[in-house]
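*Asks:* Provide a 3D model corresponding to the input given below.
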Amino acid sequence: MENVVRMRKNHIVAINTPQNGEYSFKNGSSLINFFLPSAPVALLTQSLKLNFKLRVNKPSSTFQNPVLVNNNANKGGTEYNLTMDERVGVGSIIDTITWSSGNTQQTLENIRGYGRLLSTTNPYHNSQYKMDGMVQGGNSVCSSRSKISANLVNTEIFCSIDLKCGLLEGVRDGIILMGNNGVNGLNLLIQLQNDQMTFLSKNSGTSLPETDAVDAFYSINSVNLSYNTLEFTPEVTEELQKPSKGEMSYASYSYIYSVINSADDQQVLNLGGKNTLSIFTSSLPTSHLNNIKHNSFSTGNLKNATNGVYDQDAILKRVSFVRNGELSPYNNFIEVTESSTNNTPRPVIIDSAKQALDVSNSTETLISPATENNLLTRTNIDGNEVFSMNVAVSTETQSNPCVAYGVNFDNIGGVGRNFSGNNTYGLRLQSSLSGNAPNSLTSFVRSRNTLIYDNSSISVVS
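*Replies:* Purely as a prediction, here's the structure:
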């Protein structure tokens, strides 16, 4: 970029830091508020990271005298099992992220169900090697295997995570002008997730939660936000300080929750935007949400239940994407009965979801025949384990599919489809659901918005 004279590294703390510096949902400090000040500089969006130290605490733990978990008895002594979803990692402690203009408080993006967003995007965007390497280097609880992730939280652990936000991903040249002819500063509000949603507890000896696991909790301390900004020549800086007119195009994610409980169900959703780029949906049994006995971030197949216990995959038969009552953008339904019955991959479903997540031609993804038909992640032609880095530690079976029903409405121009007003989106799922096993659907819509600034006044057109 022309007229840049230097790049500055910035570290800021929250404007609502608790007295002991520790945030915790259980202990009442569940909101973290950062203010990125207005200045004639450009924010490099890909440089922004949330940094903190994480503790996964047993109920008796205090800030001064932490008592941490002992997953897999890795520290010796008695096991105490309390884990996070290995693909979401520390992102599971975040419930909602809200970005707003620093001056006008105009909301730019609000993402609810943040951990559920990561439960789909992380495995689709990262291969097994990236999950255990580059991703784990920042999101220190992330891993392709649950046992590795569990061992990592047995001690206080430092994390430095990217924030999955359309505002940071979908701006031109990866910069946001922070002055009077831009967003005029930014507010970042992070709402932490409740502990029951965050954790899964299942002792290896009993396969039951620890007796006091419902009182266990996470906490974070030494919290700060780091980011880089570009500074310009005096002439450009002077211009950036003057209020002016302009606009900025960016993307945003929004969250929709619904429930399916019939063998032939069409969810009709009002997406509300004129420039809708894509949507993707994942499912889990409704009773598994906010339930420490189950993984609240699982993304498996639709499930049937026996006497209230979800114990069997429902057979998925057909998937249809609909706009205003007509099949769109595909003019046919996707038939998957045979693949679902034989427990083999459903390539059309996978490919459509990869298009929705903009990884259609990428090899850097965890999604493969091995994860999507309940085989071991690392297998040979006979379906047996390939190897273990430590012969004393089995690589173990981990059938953990990432099923998503996604569609890209505009993978050429990047403009999107109009779903404002009376224009509706429909997802029709035909399956063998029994009617007494409600499954929750979590959908994320990616849209393109335009921020218009005019003499320090800001508005958003979506």
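
*Asks:* helix or strand for residue 179, which one?
*Replies:* Assigned by DSSP states H and E, residue 179 belongs to neither a helix nor a strand.

*Asks:* Distance check, it against residue 36.
*Replies:* To residue 36, residue 179 is 12 Å away according to C-beta to C-beta, to the nearest Å. Where C-beta positions appear, they are placed from N, C-alpha and C, glycine not excepted.

*Asks:* ditto for residue 133
*Replies:* Counting by C-beta to C-beta, the gap from residue 133 to residue 36 is 30 Å.

*Asks:* likewise residue 28?
*Replies:* Distance from residue 28 to residue 36, by C-beta to C-beta: 26 Å.

*Asks:* go on, residue 266?
*Replies:* From residue 266 to residue 36 the distance is 43 Å (C-beta to C-beta).

*Asks:* Compare neighbour counts for those two and give me the winner.
*Replies:* residue 36 (21 against 14; other C-beta atoms under 10 Å).

*Asks:* Can you tell me the closest non-neighbouring residue to that one?
*Replies:* Excluding its sequence neighbours, the residue lying closest to residue 36 (C-beta to C-beta, 6 or more residues apart in numbering) is residue 186, at 4.3 Å.

*Asks:* hang on, isn't the one you found packed against residue 98?
*Replies:* No: with contact defined as C-beta atoms under 8 Å, residue 186 does not count as touching residue 98 (10.7 Å).

*Asks:* Who has more neighbours out of those two?
*Replies:* The neighbour count for residue 186 versus residue 98, taken as other C-beta under 10 Å, is higher for residue 186 (23 against 17).

*Asks:* for that one, what are its contacts?
*Replies:* By C-beta atoms under 8 Å, 6 or more residues apart in numbering, the contact set of residue 186 is 35, 36, 43, 99, 100, 101, 102, 108, 176, 178.

*Asks:* Not counting residues beside it along the chain, what's closest to the third one?
*Replies:* With C-beta to C-beta, 6+ apart as the criterion, residue 43 has its nearest non-adjacent residue at 4.5 Å, and that residue is residue 176.

*Asks:* So which elements touch the host helix or strand of the one you found?
*Replies:* If you go by DSSP H and E, residue 176 is part of strand 175-177. Using 3 or more C-beta pairs under 8 Å, 6 or more residues apart in numbering; DSSP states H and E, the elements in contact with strand 175-177 are strand 42-57.

*Asks:* partners of the helix or strand that the strand it packs on is followed by in the sheet?
*Replies:* Toward the C-terminal end, the helix or strand that comes next after strand 42-57 (DSSP H and E) is strand 94-101. According to DSSP bridges, strand 94-101 forms sheet pairs with strand 107-112 (antiparallel), strand 186-192 (antiparallel).

*Asks:* Outside of strand 94-101 itself, list whatever touches it.
*Replies:* Contacts for strand 94-101 (C-beta under 8 Å, 6+ apart): 106-115, 163, 165, 167, 183-194, 197, 458.

*Asks:* List buried residues within these.
*Replies:* Buried members of the contacts of strand 94-101, scored by 16 or more other C-beta atoms under 10 Å, are 106, 108-109, 111-115, 163, 165, 167, 183-193, 197, 458.
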